[in-house]
Every structure is written in C-alpha cells, then in structure tokens.
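show me how the following folds:
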Amino acid sequence: MRFDVILYSDLSADDMVRYGRLAEECGLGGVWIANNFDTRDAFVNFVPLAMQTKRLRMGPIAVSPFELHPIKMAHSLLTLNEIAKGRAQIVIGGGGGTAENIGNKPRRMVRAVRECVEIIDVAITGEPCGYKGQIYEAGWIDTRWATQPPPMIYVGANGPQMLRSAARYADGIMVSDFGPERVRRVHETIDPLLVERGCDPATYPLNNFWAWHVQADQKEALREARIYLAVRGTIYPDYIGDILEEDDAAIVTSNLRAFLAAYQARSPVIEGVPEEILAKIVDQGVSASTIDNIGREVERMRAFRDAGLTEIALCIYSNPEQAIRLIGEHLVDKI
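Alright, predicted model coming up:
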C-alpha cells in the first residue's frame, strides 16, 4: 500500500520543501495540500518542492470546478506537472469551502466533475481542439507545450453516485474518513464498473484521506484529535452510524455546532457530548495513539489494505517531521 501525507495547508513554500524532501527520503509516495480558501495557492506553493525532489508526487486536494474553471485548472495542473517532470497529482471534488466562500452553489456535481476531468484529459492529449459539455465549455484548448508524462487525476468521491461515475473514467478515487468496512462497501460499488472498463480492482488507485494524530503523549494525541473532529466526515450523519448506536449518534448530530466551536477555538472541549462518546469517535474515526503503541496503527493500516485500499493519505498536523519519520519507519514497505 502506498503511503502519502497531507500537509497542513498554511505551510510556507520553504516548509513544504523541508517536509516534502523528508517524505521522499522516508519513502513516501506523495504529498498533498488541502485546497482551502484562506491559504497559499496550492499549485504555486508546490513549485520549489517540485524543483528539489525527484520521485515524490504532489498536488492539491480537492479542487472544484465551481471555484476554478476546468480549463484554468488544467493549465495550473499541467504547469506544475511540467516543473515536476510528470509527478503532479490532483483530487477533483464537487463542492468545498472555496466555492461556498465565493457564493457559488454547486449543482449537478456528478456531471460537473466528469466534465472537468474530460476537459483536463483533452488538455493532456495536447491535441488542439474545443470542448462543449452540458455545463462547461472551452472554445479552444491548445496545450502542445505540455510534454511531460500525464499527471494523476483522482476524483474525490464519498457518495454512491459520484463513486459510480468516477469508476467509469477517473485515474483514481479518493474517499475521506472511511473505515475499513466502508472501504469494502466502496469496492462493492466500483468493482463491477472497473472490470467493465478493463481495470483491475485490486490495483486500481483507491486512496483514503485519514487523520493521523500519533504523538509521544497520549493526552496530546487525544487533544489534537478532538480539536479537528469538526472537519472529519466521521461525526456527520452519513458516517456516525458506523461507530455509534442510534441514540449516541443522535447526541452527536444534535451537537454539531459544538464540534465546530471547538475547532474554531482550537479547544478539545466539546460541550454537550459525553466523554465516552468522544472516546469512541476518536478511537475508531482517526489514528490517535502514542508512539510506543504505534503497533495499533500498523494493524489499522493492515485492515485498510485488506479491505482494498491501495493508497492512504495521512493528514498530519503538529510535529510533521516526527509524523513523517514514524510513517516512513513503521508503515512504508511494511504493509
């Protein structure tokens, strides 16, 4: 299984070089940056790293056609790919905070994402032509300047409609906050379509955005994990039933604003939610162990592999150097 890291999105280009080079040295497959609306440009900030590494893949996660027209997305991606000599990657998603922040309400997301990928695929061919879809169009696409091997295009897909659509055309799929059992259900959805397309489900790139809060101190690991629960899919109605019984899940759903308040305050205190419920969510919905108990996370990664993940992107927050070294030492080439 390939191991990537997702670096926190407010890092400077210098920090990205430092941590990215370390990730390459430790054998990781790629580095991602969350494409948030209030941080540095996710394409431009990768340029120094692209110029100072040789093997590492890199790119933003996730970019929506409702925030950036697909032809401009193609130009940015292919430019980074030229600088990285064919190592760029991207996750294309349907919604996201940036689109909401600029007042663009996503519509027909499954169709929009497909047309976005189709436009990028046209640009990758380098053959000058136009494109006219139901939502997007480009009068003229000419990227004969792009001569490197093509970038890797993932679709961010959690729901069944997007999963089925992406399985028909995407280079890879990235889900987010999925436990092993949910990963197995993804394969039940996509495998027949992959086979029909001529892809081997066992090797098809299926990645999972997963939070990594492994620290030397247990209290710090739990504190960090709880702060970021608001941005985990785990606590929301479509997911929480994987972890909690109905009554406990209802408590979480009725207190979602408390999770958001804790995130905004960078506080582990989540009002209105009992400690035992929070403990279950952290235990099953993220990786929050101590370093001396990292074997627990090794077993979790094996469970992901056995469920059918071929890649996993571990989102790291504090102590990125420590996290990258731990992942390289305990996970890379061992699972």
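
mind listing what's buried in stretch 208-216?
Along stretch 208-216, these residues count as buried under the neighbour rule (16 or more other CB atoms under 10 Å): 208, 209, 210, 211, 212, 213, 214, 215. All C-beta atoms are positioned from the backbone trio N, CA, C, and that covers glycine.

got a list of contacts for that stretch?
Stretch 208-216 has contacts (CB atoms under 8 Å, 6 or more residues apart in numbering) with 5-6, 61, 174-178, 183, 221-222, 224-225, 228, 232, 285-291, 294, 297, 304, 309, 311-319, 322-323, 326-327.

and the strands in the stretch 201-335 of the chain, which stretches?
For the stretch 201-335 of the chain, the strands defined by DSSP state E, counting those that start in this stretch occupy 206-212, 311-316.

centre of the chain to the longest one, how far?
A distance of 6 Å separates the centroid of the chain from that of strand 206-212, by CA atoms, centre = their mean, to the nearest Å.

quick one: contacts for residue 300?
Residue 300 touches 180, 287, counting by CB under 8 Å, 6+ apart.

distance check, it against residue 203.
Distance of residue 300 to residue 203, given as CB to CB, to the nearest Å: 22 Å.

after the helix or strand of the chain with the lowest mean pLDDT, next one along is what?
Within the chain, no helix or strand scores below helix 97-101, which has a mean of 67 by mean pLDDT, DSSP states H and E. Under the assignment DSSP states H and E, the closest C-terminal helix or strand after helix 97-101 is helix 109-125.

can you map out the helices along this protein?
13-25, 47-51, 70-83, 97-101, 109-125, 160-167, 180-197, 218-227, 237-240, 246-254, 256-265, 275-285, 295-307, 320-330 (DSSP state H).

for the strands of the stretch 201-335 of the chain, give me JSON lines that also has mean pLDDT.
Output for the strands of the stretch 201-335 of the chain, formatted as JSON lines (pLDDT from 0 to 100):
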{"stretch": "strand 206-212", "mean pLDDT": "98"}
{"stretch": "strand 311-316", "mean pLDDT": "98"}
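
turn the ones you listed into JSON lines, including distance to residue 266.
Below are the strands of the stretch 201-335 of the chain laid out as JSON lines (distance: least, CB to CB, whole Å):
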{"stretch": "strand 206-212", "distance to residue 266": "15"}
{"stretch": "strand 311-316", "distance to residue 266": "16"}
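
wait, which of the ones you listed is closest to residue 155?
Within the strands of the stretch 201-335 of the chain, the stretch nearest residue 155 is strand 206-212; the backing value is 10.6 Å (CB to CB).

tilt between that closest one and helix 160-167?
If you take axes from the mean of the first three to the mean of the last three CA atoms, to 10 degrees, strand 206-212 sits at 120 degrees to helix 160-167.

ok and strand 206-212 relative to helix 180-197, angle-wise?
Between the axes of strand 206-212 and helix 180-197, defined by the same axes, to 10 degrees, the angle is 160 degrees.

CA atoms only for strand 206-212, dumped as PDB, please.
Taking C-alpha atoms only, strand 206-212 is exported to PDB below (Å, rounded to 0.1, in the frame of the first residue of the first chain):
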ATOM      1  CA  LEU A 206      -8.200   3.900  -4.200                       C
ATOM      2  CA  ASN A 207      -6.900   6.400  -1.600                       C
ATOM      3  CA  ASN A 208      -8.400   7.400   1.700                       C
ATOM      4  CA  PHE A 209      -8.000  10.800   3.500                       C
ATOM      5  CA  TRP A 210      -7.300   9.700   7.100                       C
ATOM      6  CA  ALA A 211      -6.300  11.800  10.100                       C
ATOM      7  CA  TRP A 212      -3.000  11.000  11.900                       C
END
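
low-confidence stretches in the stretch 151-300 of the chain?
Within the stretch 151-300 of the chain, not a single segment meets pLDDT under 70.

one step back: any of the contacts of stretch 208-216 buried? List them.
Neighbour counting with 16+ other CB under 10 Å marks 5-6, 61, 174-178, 183, 221-222, 224-225, 228, 232, 285-290, 294, 297, 304, 309, 311-317, 319, 323, 326-327 as buried within the contacts of stretch 208-216.

neighbouring contacts of stretch 11-22?
5, 7, 31, 33, 40, 45-49, 52-53, 56, 58, 320-321, 324-325.

in the sheet, who's paired with the residue nearest to residue 218 when sequence neighbours are not counted?
Closest residue to residue 218 apart from its sequence neighbours, by CB to CB, 6 or more residues apart in numbering: residue 290 at 5.0 Å. According to DSSP bridges, the partner residues bridging residue 290 are residue 215.

mind listing what residue 290 touches?
Applying CB under 8 Å, 6+ apart, the residues near residue 290 are 214, 215, 216, 217, 218, 221.
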